[in-house]
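Trainee: generate coordinates for the sequence data below:
(2 chains, ligands or ions: 3)
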Amino acid sequence: MSQGSMAPGIAAGRLDSATLAENFQDLHPPYAPHEAAVAADRCYFCYDAPCVTACPTDIDIPLFIRQISTGQPEAAAQTIFEQNILGGMCARVCPTETLCEEACVREAAEGKPVEIGRLQRFATDTLMARDVHPFTRAAPTRKRVAVVGAGPAGLACAHRLAMLGHDVVIHEGRDKAGGLNEFGIAAYKSTNNFAASEVDWLMQIGGITMKTGVRLGDGLALASLQQEFDAVFLSVGLAGVNALRADGDDKDGVGDAVDFIADLRQADDLTTLPVGRDVVVIGGGMTAIDAAVQSRLLGAENVTVAYRRSRARMGASRFEQDLAASKGVKLMFNVQPVAVHGNGAAREVELAYTVEDGDGALTPTGETVRIKADQVWRAIGQTLQGSPDGLDIDGGKIAVSEAGRTSLHGVWAGGDCASGGDDLTVTAVAEGRDAAMDIHARLTNTG
Amino acid sequence: MADLRTDFLGISSPNPFWLASAPPTDKEYNVRRAFEAGWGGVVWKTLGAEGPPVVNVNGPRYGVIYGADRRVLGINNIELITDRPLETNLEEMARVKADYPDRALIASIMVPCDEASWKAILPRVAETGCDGIELNFGCPHGMSERGMGAAVGQVPEYIEMVTRWCKQYYDRPVIVKLTPNITDIRHPARAARNGGADAVSLINTVSSITSVNLDDFSPEPSIDGKGSHGGYCGPAVKPIALNMVAEIARDPETHGLPISGIGGVTTWRDAAEFMVLGAGNVQVCTAAMTYGFRVVEEMKRGLSQWMDEKGYTATSDFIGKAVPNVTDWQYLNLNFVAKARIDQDSCIKCGRCYAACEDTSHQAIWMHEDRVFEVNDAECVACNLCVDVCPVENCITMERLAPGTVDARTGKVVVEEYGNWTQHPNNPSAQAAE
Ligand SMILES: Cc1cc2nc3c(=O)[nH]c(=O)nc-3n(C[C@H](O)[C@H](O)[C@H](O)COP(=O)(O)OP(=O)(O)OC[C@H]3O[C@@H](n4cnc5c(N)ncnc54)[C@H](O)[C@@H]3O)c2cc1C
Ligand SMILES: Cc1cc2nc3c(=O)[nH]c(=O)nc-3n(C[C@H](O)[C@H](O)[C@H](O)COP(=O)(O)O)c2cc1C
Ligand code: SF4
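Mentor: Ligands and ions are numbered 1, 2, ... in the order given. Presented below is the predicted three-dimensional model:
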């Protein structure tokens, strides 16, 4: 018997497994072949297409869509993977509404873009279902590159280097590869263990050794990597989280949204995962939305996202906000937490209303409100943690050039841990790939 | 609601939409249902001579060309004339005609090219009480190899001869159905007129191979690994049919000869286009085969709506209205100068006009900063390609330059007077304008 949404406190099994399975289905279900053909037909094959410009990995979108409409989804996938080896994951997780689909001329014309993300998924799924790997390695160069962190940036970099004939060793701190693809992305965006199968598929290129449970700064020093390898690529993401400066922050029930999501992603059985009856998420980005939506899907009765600024400033896209609202999440704007109340365990969150001036400075209005909360998730941003000494830092991230070069010779960095770019899967892929090209040029003396 | 009644060769029907001779008109069951659905008339599936009927293939007989979303643009078929006994067809026709006296019922006939064969079948057809006959000189496959169908339709002398026999042995209207598989449609039309035909109908299907299977390398439709050319019909053939109808309508030798327009009629608009080019009515096959008999309802309502909007009270008000405007290229007004205009407000910045003009036309569109597209009058020849490829209706239009303005491309002042190639100085055989 499931506990239901009304069960007090933090409880597992609020919903039965059938309901949970339904709730955590694909957010955007895959296309059937005819649907894909119809969707592909809508593409105008624009000149110098704006969608391509909007894609951080510069996929030739009109070309791959045309390949779908001429009946060759596998060839379409090849076009995608040439630019973005994690095109399968990106098809699922990219906020296309602010990337390619926002730029689509049919968005301008009708408010209905060509569904590029779902078409990309159709193509990549078709090819990956054959379990063949579409690339082969170039002749060995006998150069060795160390990659630190097996998230999208590290994987993309490793794949490209392996393809170019270099040998790559990935050093991953966790016991499983994938980075936030595996531990962070919302469950309904990456169903059926896709992240792990994508890593396996990617590794088929050969020439990549995956070492898990090996953590830079914890028995492994950058200097030794530099010594042992011809180049080093750092893609450690943002392992730290910002603290919540509010009284009662240490009460039971208060935690980091990323941990909750990681637990959720790794749970074999969602009926065993506890969730509060009243959940409050502090923050305004994708992580906040994902934590809130997934709390609702697990059966929480009331879920609130409390964001300190206005809707217009929210990091989560309008699509994500609407998704949350459609799942019954309440969005509060211009409120910031001042205290978590409760006797040992959280019971209420006290929020202060704010006004924002032109420069973005927040001033409390003096009015506060208390809302019920037996679970409070902090989703107020991740930070760079444990960056090796000797690297220049810029805005809290490892400073890099366009091509991903750090201030240390022979060390590159990309993805969330590196300066520049949005913190998105697709950006991480682009940066990993581009750094690989620069490393290759350096190692082969062509750049 | 405008009056759609038509009188074609004295045969009246409640509307100008007839079903063409084909599977939809193959038997009593179909034709009764077609009349119930509202079709104005039918041309019965082509009858053959007495004796064992022809046989059809027992595998696929259709191939198809699709547009977006599997929309049928064209079908090709390798079907023959009726494969049912003559007597069965005649009995059914008589029953149907008796029950639907207000609808047109035409017998389509194809028998060998000798007088005896025609003389034998015509009285039997007449007995059914049908309103007229249509001579199938069009079928491009199967029957033509046996000296019938298109094999007759491609030889004007045969057309004239057979038509004459029919006029001799049959006293109701004779329609000659023409094949498009010929270089100049006017010759068979003239032959039909000379033979005494009351009307021509066109087009029958266009010889075609729709596609080839790239696994077993057989044309489609494939019968046991082999394919044969078929006859193409449906929306894809409409432009071919319209031109042929217009050619006959404006040929001085056949001008005024009634025409039944066939080929790709799918909507009221298609029908109206055939009719303004001179067709007294239209016949439909593929649209019915694609959507069922019910499509006629849209055609009827649409034509009637358009007539109301135009103030026409009878189909005769507009039949042939566009014929005087069909002319030869040499009479087109070369002093009509236009330029493409892009409406920036409706432009969605796809750049298709730019790609088309830059790569394949006259490099007359600029692509400015922020994907702003603008026509360069100094290069634009007004070819219309940008208008055609633009996905937004009316975003790019053609603007006629007013007389007195200078065409930036030629540097010449646009003149008011009409001037054509026959008068043009570049034409070696130009006659000076008087
Ligand atoms: C909850 C959440 C939801 C998100 N949803 C989306 C989304 O829907 N769409 C989207 O585009 N983006 C989303 N993002 C952002 C996206 O996941 C990241 O931008 C992307 O994963 C960054 O890739 P990365 O390779 O730089 O880092 P990560 O994916 O963080 O990978 C870093 C890897 O390095 C490892 N590592 C860290 N430190 C060390 C060390 N010292 N030694 C060895 N290994 C180490 C980590 O274990 C991890 O495997 C989301 C992020 C979060 C947190
Ligand atoms: C399957 C099929 C069979 C046909 N059989 C005949 C026929 O027996 N006699 C005939 O005169 N025309 C026949 N036609 C041609 C049609 O009557 C008509 O001329 C042609 O299909 C063009 O019209 P549409 O574009 O509306 O289909 C046939 C067409 C099809 C598709
Ligand atoms: S009308 Fe032709 S030449 Fe003129 S701008 Fe358009 S495509 Fe170019």
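Trainee: from residue B:382, how far off is the residue of the stretch 1-150 of chain A found nearest chain B?
Mentor: Chain B sits closest to residue A:47 of the stretch 1-150 of chain A, with a gap of 3.0 Å, by CB to the nearest CB. The way it works is simple: take the backbone N, C-alpha and C, and place the C-beta from them, glycine included. Residue A:47 is 21 Å from residue B:382, where distance means CB to CB, to the nearest Å.
Trainee: follow-up on the earlier one: which residues are in contact with the residue of the stretch 1-150 of chain A closest to chain B?
Mentor: Contact analysis of residue A:47 by CB atoms under 8 Å, 6 or more residues apart in numbering or on different chains lists B:350-352, B:354-355, B:367.
Trainee: from residue B:371, how far out is it?
Mentor: 9 Å.
Trainee: now do residue A:225
Mentor: According to CB to CB, residue A:225 and residue B:371 sit 46 Å apart.
Trainee: what of residue B:355?
Mentor: 12 Å.
Trainee: number of nearby residues for residue B:317?
Mentor: 12 (other CB atoms under 10 Å in any protein chain shown).
Trainee: mind listing what the nearest residue to it once chain neighbours are set aside touches?
Mentor: Nearest non-adjacent residue to residue B:317, counting by CB to CB, 6 or more residues apart in numbering or on different chains: residue B:307, 7.5 Å away. Residue B:307 makes contact with B:2, B:4, B:313, B:315, B:317-318 under the criterion CB under 8 Å, 6+ apart.
Trainee: you'd agree residue B:307 is in a strand?
Mentor: No - counting by DSSP: H, G, I helix; E, B strand; the rest coil, residue B:307 is not part of a strand but helix.
Trainee: tell me the pLDDT of it.
Mentor: If you check residue B:307, the pLDDT there is 97.
Trainee: and for residue A:1?
Mentor: 54.
Trainee: and if you look at residue A:386?
Mentor: For residue A:386, pLDDT reads 84.
Trainee: tell me the spacing between the spatially closest residue to residue A:307 that is not a sequence neighbour and residue A:169.
Mentor: Excluding the flanking residues, the one nearest residue A:307 by CB to CB, 6+ apart is residue A:284, at 3.6 Å. Residue A:284 sits 38 Å away from residue A:169, going by CB to CB.
Trainee: more crowded one of these two?
Mentor: A side-by-side neighbour count of residue A:284 and residue A:169, using other CB under 10 Å, places residue A:284 first with 25 against 18.
Trainee: now that one: how far from chain B?
Mentor: As judged by CB to the nearest CB, to the nearest Å, residue A:284 and chain B stand 31 Å apart.
Trainee: ok, that residue - contacts?
Mentor: A:305, A:307-309, A:313-316.
Trainee: and stretch B:398-415, anywhere near ligand 3?
Mentor: No - against ligand 3, stretch B:398-415 shows no contacts by CB under 6 Å from any ligand atom, the least distance being 7.2 Å.
Trainee: residue B:98 contacts residue B:128, doesn't it?
Mentor: No - contact criterion CB atoms under 8 Å: residue B:98 and residue B:128 do not qualify, at 9.2 Å.
Trainee: I'd assumed residue A:366 was in a strand, is it?
Mentor: Yes - per three-state DSSP, residue A:366 lies within a strand segment.
Trainee: how is residue 190 assigned, secondary-structure-wise?
Mentor: In the absence of a named chain, chain A is used. Counting by three-state DSSP, the backbone at residue A:190 sits in coil.
Trainee: ok, back up a step: residue A:225 and residue B:371 - which one has more neighbours?
Mentor: More crowded of residue A:225 and residue B:371, by other CB under 10 Å: residue A:225, with 23 against 18.
Trainee: pull out the buried residues from stretch B:373-391.
Mentor: B:373-377, B:379-383, B:385-387, B:389-390 (16 or more other CB atoms under 10 Å in any protein chain shown).
Trainee: scratch that, stretch A:78-90 is what I was asking about
Mentor: In stretch A:78-90, the ones that count as buried by 16+ other CB under 10 Å are A:78-81, A:83-90.
Trainee: also stretch B:206-216?
Mentor: Neighbour counts over stretch B:206-216 (16+ other CB under 10 Å) mark B:206-208, B:210-211 as buried.
Trainee: can you give me the strands in the stretch 201-350 of chain A?
Mentor: With strands called from DSSP state E, counting those that start in this stretch, the stretch 201-350 of chain A shows them at A:208-212, A:215-216, A:219-220, A:231-234, A:240-241, A:254-256, A:275-276, A:278-282, A:302-306, A:330-332, A:335-341, A:348-356.
Trainee: who does the third one pair up with?
Mentor: Meaning strand A:219-220. Strands that pair with strand A:219-220, judged by DSSP bridges, come out as strand A:215-216 (parallel).
Trainee: do you know how far the closest residue to residue B:219 other than its chain neighbours is from residue B:286?
Mentor: Excluding its sequence neighbours, the residue lying closest to residue B:219 (CB to CB, 6+ apart) is residue B:227, at 2.9 Å. In this view, residue B:227 and residue B:286 are 20 Å apart by CB to CB.
Trainee: and those two? which has more neighbours close in?
Mentor: Using other CB under 10 Å as the criterion, residue B:227 and residue B:286 rank with residue B:286 on top: 26 against 21.
Trainee: wait, isn't that one in contact with residue B:233?
Mentor: Yes - using CB under 8 Å, residue B:286 makes contact with residue B:233 at a distance of 5.0 Å.
Trainee: any idea how far the closest residue to ligand 1 within the stretch 101-250 of chain B is from chain A?
Mentor: Residue of the stretch 101-250 of chain B nearest ligand 1, by CB to the nearest ligand atom: residue B:214 (39.2 Å). As for residue B:214, its distance to chain A is 10 Å (criterion: CB to the nearest CB).
Trainee: alright, I will stop here.
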